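A.B. asks: I need the structure of the sequence given here:
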Amino acid sequence: MALLELKNVTKHYNGIAPALDDVSFSVNEGEFVSIIGSSGSGKTTLLRCINRMVEATSGEIAFGGIVVSRLGKMELRQVRTKIGMIFQQFNLVDRMSVIENVLHGRLGHKSTLAGVLGIYTREERWQALRIIQMLGLDQQVYQRCDQLSGGQKQRVGIARALVQNPKLILCDEPIASLDPSSAKTIMDHLRSICTELGVTLIISLHQVDVALKYTDRIIGLNRGIVVFDGPPGELTSQRSAEIYAKEPKDVNIDLGERNAS
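C.D. replies: Numbering: from 1, shown residues only. Got it, this is the predicted structure:
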C-alpha cells in the first residue's frame with residue numbers, strides 16, 4: 001500500500017533551472033528507499049518538499065492519502081507528527097541533555113504552553129528512555145549533547161524522530177559528516193528501524209555502496225530529474241553513469257522501460 005505519492009512535483013528557485021523537474025513516484029509502507037545523485041541534484045529539496053519545509057512550485061504530494069500541499073497550518077502540523085526528520089548536522093540543542101533533545105520530538109503532539117514549559121507525561125519520558133537505550137545511549141541519558149561524538153549525536157537525532165511514533169522518517173544525508181565506523185552504526189540502526197519496527201524510511205546519500213547494501217530501492221536524481229528508480233540489483237554501471245552524468249536524460253526511466261531493456 002502506498003504511504004507516499006508524488007505526482008509531477010517541480011520546484012523552482014528564483015526562476016532558474018528547476019531543482020526538481022516533474023518528479024513522480026510512490027513509496028509503500030515499510031520500504032527503505034535511498035535517493036542518490038551528485039551535489040545539487042535535488043536530493044535535499046525533494047525530502048524537504050515532502051514535509052513542506054520547502055514548498056513545491058507545482059505538482060501534488062500525498063501522505064497517507066492526504067494531499068499535503070493543500071493543508072492549512074494546523075492540519076500540516078498534525079501530518080508532520082507522523083513524519084520524522086533526521087539531519088546531516090544533527091540540529092540538536094547542544095546545551096541540553098540527550099533526553100531533553102529526544103523529548104523535543106514530542107513537541108508536535110503538545111500545546112504551545114506545554115512545549116515552552118517542557119511538560120511531558122511519564123509515558124513520554126519512559127518511551128524516550130526506551131528508545132535511547134535501544135540506540136545504545138543509556139550511559140549518556142543526562143549528558144549534554146555538546147559532549148557527544150558525531151555518531152552519538154546522530155543517534156540522538158534518530159531517537160528524537162522515533163519518539164514521534166512516525167510512519168515515515170526522512171533522512172537528509174545522515175552519515176555525510178561521520179567516520180566509517182559511526183556511519184555503519186547509524187545505517188545498521190536505520191535498517192533495523194525499517195525491518196523490525198516497520199517504519200518507512202527515505203534517505204538521501206552520496207555513497208552508492210551504502211545505498212546498494214542497506215536499502216530496498218534506489219531513486220537516482222540528475223539535475224532534479226528521476227533517471228533511475230528500481231531495486232539495487234538493477235543499478236548497473238551504465239545506470240549509475242546516467243545518474244552522475246553532467247546532463248540528465250530528457251525522460252524518466254521507469255520500471256517498465258528497464259524490464260524491456
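A.B. asks: now Leu170, which residues is it bridged with?
C.D. replies: Met85, Ile202 (DSSP bridges).
A.B. asks: Who are the contact partners of it?
C.D. replies: By C-beta atoms under 8 Å, 6 or more residues apart in numbering, the contact set of Leu170 is 47, 50-51, 83-86, 201-203. Yep, even glycine has a C-beta here, placed from its N, CA and C like the rest.
A.B. asks: Reformat those as JSON lines; add neighbour count.
C.D. replies: Shown next, in JSON lines, are these (neighbours: other C-beta atoms under 10 Å):
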{"residue": "Leu47", "neighbour count": "22"}
{"residue": "Ile50", "neighbour count": "22"}
{"residue": "Asn51", "neighbour count": "19"}
{"residue": "Ile83", "neighbour count": "23"}
{"residue": "Gly84", "neighbour count": "25"}
{"residue": "Met85", "neighbour count": "22"}
{"residue": "Ile86", "neighbour count": "24"}
{"residue": "Leu201", "neighbour count": "25"}
{"residue": "Ile202", "neighbour count": "23"}
{"residue": "Ile203", "neighbour count": "27"}
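A.B. asks: what's the closest non-adjacent residue to Thr185?
C.D. replies: Once flanking residues are discounted, Thr185 sits nearest to Gly151: 5.8 Å by C-beta to C-beta, 6 or more residues apart in numbering.
A.B. asks: Quickly note the distance from that neighbour to Ala183.
C.D. replies: Distance, Gly151 to Ala183, using C-beta to C-beta, to the nearest Å: 8 Å.
A.B. asks: Check Asp21 and give its pLDDT.
C.D. replies: Looking at Asp21, its pLDDT reads 94.
A.B. asks: Double-check that it belongs to a strand.
C.D. replies: Yes - according to DSSP: H, G, I helix; E, B strand; the rest coil, Asp21 belongs to a strand.
A.B. asks: That one reaches Thr10, doesn't it?
C.D. replies: Yes - counting by C-beta atoms under 8 Å, Thr10 is a contact partner of Asp21 at 5.9 Å.
A.B. asks: More neighbours: which of these two?
C.D. replies: Taking neighbours as other C-beta atoms under 10 Å, Asp21 and Thr10 compare with Asp21 leading, 21 against 16.
A.B. asks: show me what contacts the closest residue in space to that one that isn't next to it in sequence?
C.D. replies: Nearest residue to Asp21, sequence neighbours excluded (C-beta to C-beta, 6+ apart): Gly224, at 4.2 Å. Residues in contact with Gly224, defined by C-beta under 8 Å, 6+ apart, are 11, 17-21, 23, 41-42, 45, 248.
A.B. asks: For Gly224, grab phi and psi.
C.D. replies: Dihedral pair for Gly224: phi 80, psi 0, per degrees, to the nearest 10.
A.B. asks: And it, how far from Thr195?
C.D. replies: 31 Å.
A.B. asks: Flag the shaky bits of this structure, pLDDT-wise.
C.D. replies: Where the chain drops to pLDDT under 70, the residues are 15, 110-117, 247-261.
A.B. asks: what's the domain layout of it?
C.D. replies: Here the domain assignment for the chain is 2-82+167-260, 92-165, based on automatic domain parsing.
A.B. asks: Determine how far the shortest one lies from the middle of the whole chain.
C.D. replies: Between the centre of domain 92-165 and the centre of its chain there are 18 Å (C-alpha atoms, centre = their mean, to the nearest Å).
A.B. asks: Quick check: end-to-end length of it?
C.D. replies: 19 Å (C-alpha to C-alpha, to the nearest Å).
A.B. asks: Stretch 195-205: which residues count as buried?
C.D. replies: Buried residues in stretch 195-205, counted by 16 or more other C-beta atoms under 10 Å: 199-205.
A.B. asks: cool, stretch 134-148 as well?
C.D. replies: 134-135, 137, 140, 144-145, 148.
A.B. asks: what's the answer for stretch 201-221, then?
C.D. replies: 201-205, 207-208, 210-212, 214-221.
A.B. asks: same thing with stretch 86-93?
C.D. replies: Buried positions in stretch 86-93, judged by neighbour count with 16+ other C-beta under 10 Å: 86-88, 90, 92.
A.B. asks: Alright, I will stop here.
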